[in-house]
Structures are given as C-alpha cells and as structure tokens.
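> give me a 3D structure for the following:
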Amino acid sequence: MELNHKTFGAGDPVIILHGLFGTLDNWQTVAKKLAEHFMVCIVDLRNHGRSPHVEGHNYKLMAEDLANFMEENWMHNAHIIGHSMGGKTAMQFAVDFPDMLNKLVVVDIAPKAYKGGHQTIFDALLSVDIDTVQTRKEVEEHLSKFIDDAGVRLFLMKNLSRKKEGGFQWKMNLQEIYINYSNILDTIEIEDVVKNESLFINGSKSNYVDETDKEAIRKLFADPSFETIEDAGHWVHAEQPKALIESVLNFLTQQ
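Residues are numbered from 1 along each chain as shown. Take a look at the predicted model:
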C-alpha cells in the first residue's frame, strides 16, 4: 500500500502518525519545525486523508503499512511520533518491528482499550447526504445539529473535498472506519517489554491518560519518560504546539 505523505527537511528520519478522523495536514506545523533538525515524514494512515481506501482497519495492519512505507522509502529505522490512534499504531509498530524503530513518542493515548465516545461524531458524519450537498456551509450547518463545538466541526470539515466533476466527498473511508471502530478502541497486546526509548506525552486537560495508565506503561515499556503539557487537552499538537515541539526535540536529540 502506498501511503500518501509529505516530507520536510533532511537528516535522521522522523515519521508522524495522526489520530482518528485526522490527516497528515493536522501535523504540518509541527513537522516543519522538527524538520529544522530531521527529515520529517507526515503520512495519512489507511482509510484516512489521501491514502488508499481498503478493507480492514486495525493496528496490526497499520503497523505493517508503516513498515512497508519505510522499506519503500529506504528507511532502515526511524523515530516514530503518534497521536491517539496514531499513537497506538506507533506502539504496535514497536511491538512488531522493534528493529525498525529508533525512539518512540506517544501523544495522549495509552495502550489500553477505551470505551468509545465518538458515536455522536459518527452519527453526524454518516447522516450527511454527501452525494447531494452543494456547499461546505451546508455540511457545517448539518454537523452543527449534532456537534456544538465549532473546533471539532472545523477539524472534521478538513475531511471534506470537492470532486472534479462537482459535488463533495469524504477524504476518509467513513464506512470502513465505522465498521472497524471497535478495533480502533482495542488494546495493544504487549507480551515482552518494549526496549526502545519512549516518551509519553499527555495534555493536562485530557482524560485519555491517567496515573493508573502510566503505571501500566512502566510495566510494558523499558524506562519510559513522561511529560505533561499544561493547558492542553487531547489535541496537544494543535493547542500547545510550541511546548510539544520543545518536549519532542529534547527527547529526540538527547544522547
């Protein structure tokens, strides 16, 4: 599978993986700053952005996609940064392809199973009559009936693209993501301790990672580092990009 990607800078490779409903563009600002020190690749994971729409969506498959991407681009190993669903993909990659991983950065997610919480978003997106809508405003007005948060609506609207022949379509494979939502919530099975250096970053206002999760992570990863970014929720990279970049650079450049 040929994952859609953009590359910035030169040096040791860093690959950034976005979260659920996201695209590589969500991380472009961070990527460009990191590219002052590294060669940074931001990728669209399967069924997201402009990467292929395919059957199957789970962490084993996404880790394999990443390994294939690296081989196709002549990367023997790389630092991997993953947020949310991308963070779980990065952890799965650490389990399945440890020799291809240099350092691991996981942003605001734990390897545990989650209960969910995206049903309203799915209801909103699936109820859009994407084949008949004529304007972006029409789509946003429909989403506003389900989703009060304008920031969330704006984030989701980045998945809307205009077709050459007219009309709109979703960049993401919405139906396949919905069918496989339980896989996205699922735990990452880690039998042997992950020995790669790792940094786990969480937002102070987020409820995705708590102290119990950190204790579990310490049992699964060899000597992990933890960093809390103040005044940030789950979307740490969007809310506090400067603090996140500083934390990531300190970790990736330390010997």
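> kindly provide the distance from residue 107 to residue 17.
9 Å (CB to CB, to the nearest Å). Glycine gets a C-beta too; all of them are placed from N, C-alpha and C.
> all helices of the stretch 51-200 of the chain, in order?
With helices called from DSSP state H, counting those that start in this stretch, the stretch 51-200 of the chain shows them at 59-72, 85-96, 119-126, 136-143, 150-157, 174-179, 181-185.
> with just CA atoms, put the last one into PDB.
So the one you mean is helix 181-185. Taking Å, rounded to 0.1, in the frame of the first residue of the first chain, the C-alpha atoms of helix 181-185 are listed here in PDB:
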ATOM      1  CA  TYR A 181     -14.400   1.300  15.300                       C
ATOM      2  CA  SER A 182     -14.100  -1.500  17.900                       C
ATOM      3  CA  ASN A 183     -10.600  -2.300  16.600                       C
ATOM      4  CA  ILE A 184      -9.600   1.400  17.000                       C
ATOM      5  CA  LEU A 185     -10.700   1.300  20.600                       C
END
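> may I see the buried residues of it?
Across helix 181-185, burial judged by 16 or more other CB atoms under 10 Å covers 181, 184-185.
> tell me how far that helix is from the chain's mean position?
With CA atoms, centre = their mean, to the nearest Å as the basis, helix 181-185 stands 14 Å off its chain's centre.
> same question, the longest one
With CA atoms, centre = their mean as the basis, the distance from the averaged C-alpha position of helix 59-72 to the chain average is 14 Å.
> what sits against residue 223?
residue 197 (CB atoms under 8 Å, 6 or more residues apart in numbering).
> gap between it and residue 229?
Residue 223 is 21 Å from residue 229, by CB to CB.
> can you check residue 29 too?
From residue 29 over to residue 229 (counting by CB to CB), the distance is 15 Å.
> before we move on, back to that, which of the helices of the stretch 51-200 of the chain sits most buried?
Comparing those on average neighbours per residue, with mean count of other CB atoms under 10 Å, the densest one is helix 85-96 at a mean of 26.
> which other helices and strands contact that helix?
Helices and strands touching helix 85-96, by 3 or more CB pairs under 8 Å, 6 or more residues apart in numbering; DSSP states H and E, are strand 13-17, helix 59-72, strand 78-83, strand 101-107.
> now, which of the buried residues of helix 181-185 sits nearest residue 9?
residue 184 (30.2 Å; CB to CB).
> and the residue nearest to residue 114 when sequence neighbours are not counted, what's its pLDDT?
Using CB to CB, 6 or more residues apart in numbering and skipping residues adjacent in sequence, the residue nearest residue 114 is residue 185, 4.7 Å away. Looking at residue 185, its pLDDT stands at 98.
> go on, the one 3 residues further on?
If you check residue 188, the pLDDT there is 98.
> and it, how close does it get to residue 180?
15 Å.
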